[in-house]
Every structure is written in C-alpha cells, then in structure tokens.
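>>> Fold the following and give me the result.
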Amino acid sequence: MSEITTERGPIHQIFNDSAKTGVLATPDDFTSPDEIYNVLIEKIKAYHPSDDFSLIEKAYHIADDAHKNQKRKSGEPYIIHPLCVAIILAELEMDKETIIAGLLHDVIEDTEYSKDDVAKLFSPEIALLVDGVTKLTQLNLSQDKIEIQAENLRKMFLAMAKDIRVIIIKLADRLHNLRTLQYQTAAKQIEKARETMDIYAPIANRLGISRIQVEMDDLCMQYLYPDVYAEIRSAIGERLSEREGFINDMINEVTQYIKEADIEAEIEGRVKHIFSIYKKMKTQGKTMDQIYDVFALRIKVNSVRDCYAALGIIHEKYKPIPGRFKDYIAMPKANMYQSLHTTLIGQGGTPFEIQIRTYDMHRTAEYGIAAHWKYKESGSTNVSNEEEKLNWLREILEWQNDTKDNKEFINAVKTDLDMFQDQVYCFTPAGDVKSLPRGSNTIDFAYAIHTAVGNRMVGARINGRQVPIETTLHSGDRVEIITSQNNKGPSMDWLKLVRSTQAKTKINQWFRQELKEENIVKGKSLMEEYCKSKGLVLSDLMKPEYMSVTLKRYNFGDWDSLMAAVGHGGLKEGQIVNRLLEEVRREKEKSSTDDDVVREINSQHREFVIPKGSIKVRGIHDVAVRFSKCCSPVPGDEIIGFVTRGRGITIHRTDCDNIMCMSEDERKRLIEAEWVAESGAGEAEFTTEINVYAMDRSALIFDLTKVFMEEEIPIKRIEGRVNKQGKSTVNIQFGIKSKDDLNTLTSKIRNIEGIIDIERTQG
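Model prediction:
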C-alpha cells in the first residue's frame with residue numbers, strides 16, 4: 001500500500017470534503033436508521049468472532065422505540081445518535097456489551113426505562129455500563145464553581161475505576177456530539193469544545209485512544225480558534241498540492257528499499273492533524289513554513305526485529321538529522337504508545353519524518369486501552385495483563401483520598417493531563433524506566449519510585465555524578481536516589497521545585513499527616529478570628545446538625561480533619577463559617593410560616609416582570625424579586641426562583657451550589673423563572689465576577705484589562721494577589737449583557753500568556 005493519508009483516512013477525502021466540520025463522512029450522511037444499523041453490524045462482523053447479533057438487534061429496537069418521539073437539534077430522529085455512538089465503539093473494536101450499552105446509553109436518562117429494566121432485559125453488567133454513562137452525562141464539567149467541578153471530576157474517575165468501558169462509551173458519545181456541534185448555539189459550542197479540550201481529549205490521550213483524541217482536538221479547535229484552524233487547513237491543502245509528488249516519490253523509494261531487504265511492510269504517507277501543527281507552531285514560536293514534518297511516512301511491519309531492520313536500512317539510505325531520533329519501542333509512552341521516530345534529509349535536502357512500528361503497535365497507537373479487549377463467547381469481558389496500564393487512574397483515585405482541597409485536586413488533574421503530553425524517560429540503577437513530565441528533577445524521580453524513597457531522600461546521583469536534588473532530568477539519564485533513615489521528611493520548599501503532580505500530592509500528604517495536630521489548632525484559631533471580625537459567636541454555629549451537614553459538604557469524616565484542612569490552607573475559614581451560617585438561616589426559615597408566604601404569592605395570577613432584568617416568574621405579582629449574590633445570573637444562564645421569607649423571591653442559576661445542595665423540603669419552594677426573550681435583557685447590564693488564576697508576571701493586569709477594553713466591557717473592580725508559589729489570583733467585577741458575551745470574554749482571556757484557569761465567583 002502506498003497512499004497519502006491523514007490521521008483519519010486518505011488525504012484527498014479530508015481536503016475535498018465540503019462539510020463544515022472537515023472530518024470524514026460519518027453515518028450521519030445516511031437518512032435511514034435501519035441503514036445505519038446495517039453499517040454497525042458490518043463493522044462488528046469485521047472483527048468479532050461471534051455471529052450472534054440478537055442482543056444488539058434487541059438493543060437497537062428498544063432504543064429506537066424508547067426515543068421514537070425525540071428529535072435531535074438537527075431535526076433527525078434521536079436514534080441516529082446512539083447508533084453513531086455504537087459505530088464509533090465498533091471502530092474501536094469493543095466487545096458486544098459495550099456496543100449494546102452505547103445503543104442504550106441515553107435510555108435511562110431520557111426515557112421511561114430504569115437501570116433495573118435494562119438489567120432484566122439484558123444483564124446486570126450492561127445495566128451498570130449504561131447507568132455509569134448516564135451519571136457521567138449528568139455531570140457538568142464546565143461549572144464555574146470549584147466545589148461542583150471538583151465533585152464532578154471525582155465522580156468521573158470513580159466511574160472509570162469501576163469499569164474503564166464507561167469512559168470509552170462517554171468518549172464516543174462526546175465525539176459524535178462534537179461532529180454535530182454546528183446545530184448548537186455559539187455559547188454551547190464554545191462551552192462543549194472547551195470542556196472537551198480540557199478534560200475529554202486529554203483523557204483519550206491518557207488512555208492511548210488517539211483515533212478519538214486527534215479528531216476531538218481538531219473539532220474543538222474549529223470552535224475555539226476558527227480563524228487559525230481555517231488558516232492552517234488552507235495552508236496544508238496548498239502545501240499538499242505542492243509536495244504530493246515529493247511524498248509519492250519518497251513512498252516509492254522507501255518501498256523499494258524495504259522490498260530489497262526482504263521485509264514485508266505496509267508503507268503510507270500521512271498528514272499530521274491540524275491541532276498538533278497548531279500546538280507545535282505555538283510552543284516553538286514557528287510559522288507554518290517552518291514546520292517541515294507536516295507530512296510523514298509510516299512503515300508497518302510484522303515484528304520488532306523488522307522495525308529495527310527497517311530503521312537500519314532507512315538510516316543507510318538517508319542522512320538522519322541529529323537529535324531527532326526517538327525510540328518509543330524500548331521506552332514506551334505511559335499510554336502504551338510504541339514506535340520508532342526518525343527525521344531524515346530527503347530529495348533536494350527536504351526533511352521528512354518516518355515512523356516505524358509493528359501492526360500490533362499501530363493498533364495500540366490507534367485504540368489504546370481499547371486495543372487490549374478480549375472477547376469470550378460466554379459474554380463476559382476483561383482486559384488481560386493490562387493492570388499496569390491503568391496506574392494513572394489509580395493515582396487519580398489516591399489523589400481523591402489525599403486531596404480534600406477542591407482547587408488543588410482540579411489543578412492536579414488538569415496539570416497531570418497537560419504535562420502528560422511531554423515526557424522524559426529516565427532509568428533506575430536496576431534499569432527500570434520511569435516516565436516523568438519534562439522539567440522534572442531528582443525529587444520527582446524519587447517519588448516516582450516510591451513514597452518512602454521520596455520522603456527519605458537526602459541526595460541524588462545522575463549518571464554516577466552527585467548533583468543537587470533540584471537538578472533537571474533529561475531522557476536517558478541514569479538516576480540513583482540516596483536515602484537516609486535519619487531524614488525527618490521532605491522540605492516545604494520541595495513543593496516549589498517538583499514538577500510532577502504525583503510528587504506534589506505525596507509531599508502535601510506528608511505535611512498534612514505530620515503536622516495534623518498543629519494544623520487543627522491553627523484551623524480552630526482561624527475560625528475564631530474570622531467570626532470575631534464578622535461579629536459572630538462561633539459556639540452559636542457549632543450545633544451537631546450544622547457541623548454534620550458541613551462535613552458532608554466538604555467530604556470529611558470528622559471535625560478535626562476539617563479544621564486541619566483549614567489550618568493547612570486547603571480550605572478557607574470563611575467557607576466553613578458561611579456554610580454554618582447557611583444552615584442557621586435554613587433552620588430559621590423552616591420554622592417560619594412558609595405556607596402563608598407561598599399562599600400569598602400563588603393567590604396572584606399575573607406575571608411579574610423585572611423591567612431591568614427582563615425576568616418573569618410564573619404566577620407572581622407585586623412581590624420583590626431580586627438576584628442572588630451567590631451566583632450572579634446573567635441572560636443566557638438557566639435560572640430558577642426560590643421563595644424566601646420576608647424577602648420575596650431570589651433568582652439563582654440552576655447550577656448554583658446553594659440550589660444543588662437544597663434538601664427535599666426546600667426544593668418545594670423553588671418556582672419556575674425564565675428570561676423574557678432568548679436575547680436576555682437587551683441593553684441591560686448585569687454585574688458578575690470572575691477569578692483569573694495565572695502565573696505571576698509583569699503586564700498581566702495590563703493584558704487582562706486590554707481584553708476588557710477591546711470587548712467594551714466596563715470593569716467595576718479589579719484586585720490581585722500573589723501566593724508564595726508565584727501564582728496570581730485576579731478578581732475582576734464587571735458589567736456584562738449576556739452569557740454569550742461572558743463566554744467570548746473568558747475565551748479571549750484564556751489565550752493570554754500564563755493563564756491557568758478562570759472561574760465565575762460571587763457577585
């Protein structure tokens with residue numbers, strides 16, 4: 001075979017496709033669900049040993065009937081979505097149980113079927129998969145509230161730990177939704193693309209499923225950076241026509257050399273996906289003309305021996321560029337990826353890249369953890385000998401237990417996902433390989449070996465030479481860690497030195513444990529001081545029922561552990577006091593005559609519209625309606641009203657933490673509210689706040705205010721502070737007209753150098 005391909009197929013297909021998304025034709029192009037179902041069965045037949053498709057057919061008919069009255073935003077029958085999700089799973093060559101769960105993944109959430117119904121109709125295993133995906137679907141990872149986002153991430157990783165197939169189904173679900181994102185509003189497009197780029201695409205990469213990851217990256221880029229995407233895509237198309245002859249000549253040349261060496265091989269040309277080109281341009285500060293490995297050759301052979309034999313032939317025939325050879329066969333990436341990469345000088349001095357791998361390695365590179373699924377005719381499914389491949393997931397679960405600070409947990413997960421893209425590979429004295437984020441030092445290496453090694457570390461040797469412990473590691477280094485039983489433990493300064501999330505988590509865990517008693521005393525003292533500054537008596541708030549709710553809210557088992565978290569700095573004393581005060585307020589409201597308030601409100605039959613806010617609350621007249629300060633709704637947010645005693649109705653966002661934490665009794669006092677028109681309040685201005693987290697640098701405030709000036713958004717207040725780790729938190733209060741404007745603003749702020757995260761906060 002000698003064909004020029006992209007990451008997703010023949011190159012002429014992607015660049016001759018006139019569809020908006022620029023991806024290969026998908027089953028959405030078919031008009032009949034039955035026709036799509038037939039495509040699904042053909043794809044399963046191509047790899048699955050069983051010819052019995054009765055359960056899959058049963059799942060299709062049940063899903064078709066359950067969704068019969070539902071339509072997608074595109075106007076198509078809803079059943080097309082689960083069918084396309086199932087086809088993506090079949091392309092990953094997943095087991096039948098996973099494909100059935102893919103067909104049924106929305107029935108529990110959107111139809112009358114329950115988890116028990118699915119278990120009776122199919123099996124408890126399939127019911128668990130469907131229920132797991134349903135719970136992931138209900139999570140909103142774009143939440144502005146740190147606490148809610150952290151809780152959602154924790155739930156996601158727990159679901160993955162129970163059965164990794166749950167996240168694989170969710171990835172397929174998200175991929176198909178991205179393929180049809182053009183039918184959503186502009187705000188929803190940006191929200192879903194950002195969420196995918198931050199969480200789902202990196203998870204797909206972590207699991208080694210590049211077939212999904214690369215398409216997700218490109219699709220998200222279209223909505224987040226549409227101009228850059230179009231520019232790069234156009235440039236690739238132009239360069240393709242210029243270099244197609246060169247690439248075909250190289251394929252023919254290499255094919256001839258490999259044949260002469262009696263090596264059976266499949267050779268193809270390919271184009272790197274657009275987002276990876278964009279990333280390289282951005283990180284290396286290069287223009288499109290300076291990226292010379294946009295096109296590459298891939299050689300697939302039968303054995304590892306053939307890989308190295310082919311490499312020897314290629315290096316004999318072409319001059320390799322120094323420093324551009326990588327052996328991922330001897331030192332695989334953490335997501336199981338294996339291949340030989342080399343960059344050479346071709347005809348006329350033109351550089352080109354070659355990747356050499358076995359067919360099994362190629363399958364793993366495309367499908368990751370999904371490539372190792374084994375099928376049994378009994379219907380059960382397991383992943384054999386792949387436990388070590390899920391070490392990362394086990395680390396995440398350890399962080400969940402060790403890290404009670406929600407912001408720390410979110411940053412740990414996102415930082416780990418980001419850093420995974422760029423790794424260094426170092427050896428222990430025994431020859432074991434440890435992969436670490438680029439920029440790691442010997443302390444990171446020590447904690448990668450074992451927690452106890454890190455805690456007892458007193459020195460290190462690199463390649464036999466003693467070095468300072470903060471020395472940065474490079475791929476190929478042989479590292480020896482020197483330990484001492486007399487060492488009392490890590491230094492707090494190490495937190496500023498280490499690069500890996502694992503090391504930071506383990507160091508923080510040590511300090512929390514070792515200094516727990518001291519932190520408990522400090523936490524209680526901070527609580528007392530805070531209450532005094534607010535004119536409160538702490539003992540009045542410390543009722544067992546109030547404390548119990550607060551412990552549950554922050555996921556602690558006892559009050560001392562919570563106080564230790566406050567003393568350590570993981571939680572703010574103000575957060576805890578405000579939560580206790582909220583319970584005091586709720587108890588007072590429960591004892592009031594709620595029925596009288598509701599009766600007075602419901603006795604009126606006309607709608608009351610706030611002139612400025614353009615909000616209407618059904619069945620309300622002449623009752624005070626005000627915005628909550630806890631979530632500061634703006635037009636475009638989904639909203640709801642809450643009946644309060646003596647203060648009328650408070651308008652909240654539906655994802656407000658206070659609303660989501662309400663008891664069943666309190667939920668009875670919620671009342672429907674909505675913006676009068678989709679455009680919201682027209683020219684009315686709404687006050688909201690964001691916190692911008694960034695690496696501290698000069699001109700940061702200038703760059704932030706410049707974005708506000710360009711968007712003509714008035715700043716009402718701006719405050720900044722820098723912590724000991726050199727990270728800035730900038731709180732900005734400003735006026736905004738709609739959520740669309742807010743999304744556009746935050747999207748532009750994210751492009752500023754050094755930005756780590758943005759969250760909406762209290763108004």
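>>> So the closest residue to F325 other than its chain neighbours: helix, strand or coil?
Sequence neighbours aside, T342 is the residue nearest to F325 in space, at 4.8 Å (criterion: Cβ to Cβ, 6 or more residues apart in numbering). For glycine as for every other residue, the C-beta is placed from the backbone atoms N, C-alpha and C. At T342, secondary structure determined by DSSP: H, G, I helix; E, B strand; the rest coil is strand.
>>> Tell me who's in contact with T342.
Counting by Cβ atoms under 8 Å, 6 or more residues apart in numbering, T342 touches L311, I314, H315, P320, R324, F325, K326, E353, I354, I356.
>>> Just the buried subset of those residues, please.
Neighbour-count burial (16 or more other Cβ atoms under 10 Å) is assigned, among those, to L311, I314, K326, E353, I354, I356.
>>> wait, doesn't the third one sit right on Q338?
No: counting by Cβ atoms under 8 Å, K326 sits too far from Q338 to count as a contact (11.0 Å).
>>> Give me the subset of the buried ones among the contacts of T342 lying in strands.
Using DSSP state E, the members of those that fall in strands are K326, E353, I354, I356.
>>> ok, of these, which one's closest to V467?
Nearest to V467 out of these is K326 (Cβ to Cβ; 24.7 Å).
>>> Show me what that closest one is bridged to.
Beta-bridge pairing for K326 (DSSP bridges): H341.
>>> Contact partners for it?
L340, H341, T342.
>>> Distance to R585 and pLDDT added to the residues you listed, as CSV?
Below are the contacts of K326 laid out as CSV (distance: Cβ to Cβ, whole Å; pLDDT from 0 to 100):
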residue, distance to R585, pLDDT
L340, 65, 94
H341, 61, 92
T342, 67, 91
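>>> Run through the strands of the stretch 651-763 of the chain in chain order.
Ranges of strands in the stretch 651-763 of the chain, per DSSP state E, counting those that start in this stretch, are 670-675, 686-695, 715-722, 727-736, 755-761.
>>> Select, out of the ones you listed, the one closest to R206.
strand 755-761 (19.3 Å).
>>> for the closest one, what is the average pLDDT?
Mean per-residue pLDDT for strand 755-761: 81.
>>> Check which helices and strands that strand is in contact with.
Where contact means 3 or more Cβ pairs under 8 Å, 6 or more residues apart in numbering; DSSP states H and E, strand 755-761 is packed against helix 406-419, strand 686-695, helix 739-750.
>>> let's see 7 Å
Using 3 or more Cβ pairs under 7 Å, 6 or more residues apart in numbering; DSSP states H and E as the contact test, the elements touching strand 755-761 are strand 686-695, helix 739-750.
>>> Low-confidence ranges, the stretch 401-550 of the chain, go.
401-422 (pLDDT under 70).
>>> what's the answer for the stretch 51-200 of the chain, then?
137-161.
>>> Other residues contacting stretch 208-221?
With contacts defined as Cβ atoms under 7 Å, 6 or more residues apart in numbering, stretch 208-221 is touched by 7-8, 21, 23, 92, 171, 175, 178-179, 193, 196-197, 200-201, 204-205, 229, 273-275, 278, 335-337, 364-370.
>>> Other residues contacting stretch 105-124?
55, 62-63, 66-67, 70, 82, 85, 100, 104, 126-127, 130-131, 133-134, 137, 169, 173.
>>> Are any of the residues you listed buried, and if so which?
Using 16+ other Cβ under 10 Å as the burial test, the contacts of stretch 105-124 include 55, 62-63, 66-67, 82, 85, 100, 104, 126-127, 130-131, 133-134, 137, 169, 173 as buried.
>>> Now, the residues you listed that are in helices?
Applying DSSP state H to the buried ones among the contacts of stretch 105-124, the entries found in helices are 55, 62-63, 66, 82, 85, 100, 104, 126-127, 130-131, 133-134, 137, 169, 173.
>>> just the helices in the stretch 201-350 of the chain please.
Secondary structure of the stretch 201-350 of the chain (DSSP state H, counting those that start in this stretch): helices at 201-206, 210-224, 226-260, 274-284, 304-317.
>>> pLDDT of the third one, averaged?
This points to helix 226-260. Rounded mean pLDDT across helix 226-260 is 83.
>>> quick one: that helix to helix 210-224, angle?
Using axes from the mean of the first three to the mean of the last three Cα atoms, to 10 degrees, the inter-axis angle of helix 226-260 relative to helix 210-224 is 150 degrees.
>>> so what's the residue lying closest to I507 once chain neighbours are set aside up against?
For I507, ignoring the flanking residues on the chain, the nearest one in space by Cβ to Cβ, 6+ apart is P490 at 4.9 Å. By Cβ under 7 Å, 6+ apart, the contact set of P490 is G454, N455, I507, W510.
>>> Of those residues, just the buried ones, PyMOL syntax please.
Buried residues within the contacts of P490, by 16+ other Cβ under 10 Å, are selected in PyMOL with:
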select buried, resi 454+455+507+510
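>>> Switch the contacts of P490 over to JSON lines; also include distance to I44.
Below are these laid out as JSON lines (distance: Cβ to Cβ, whole Å):
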{"residue": "G454", "distance to I44": "47"}
{"residue": "N455", "distance to I44": "51"}
{"residue": "I507", "distance to I44": "48"}
{"residue": "W510", "distance to I44": "50"}
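>>> Take the contacts of P490 and keep only those in helices.
G454, N455, I507, W510.
>>> What is the nearest of those to K572?
So of the ones in helices among the contacts of P490, ranked by how close each gets to K572 (Cβ to Cβ), first place is I507, at 21.4 Å.
>>> can you count the residues close to L83?
Neighbour count of L83, defined by other Cβ atoms under 10 Å: 26.
>>> returning to that earlier point: with F556 as the reference, name the closest of the strands of the stretch 651-763 of the chain.
The nearest among the strands of the stretch 651-763 of the chain, by Cβ to Cβ, is strand 755-761 at 22.4 Å.
>>> With that, I have no additional questions.
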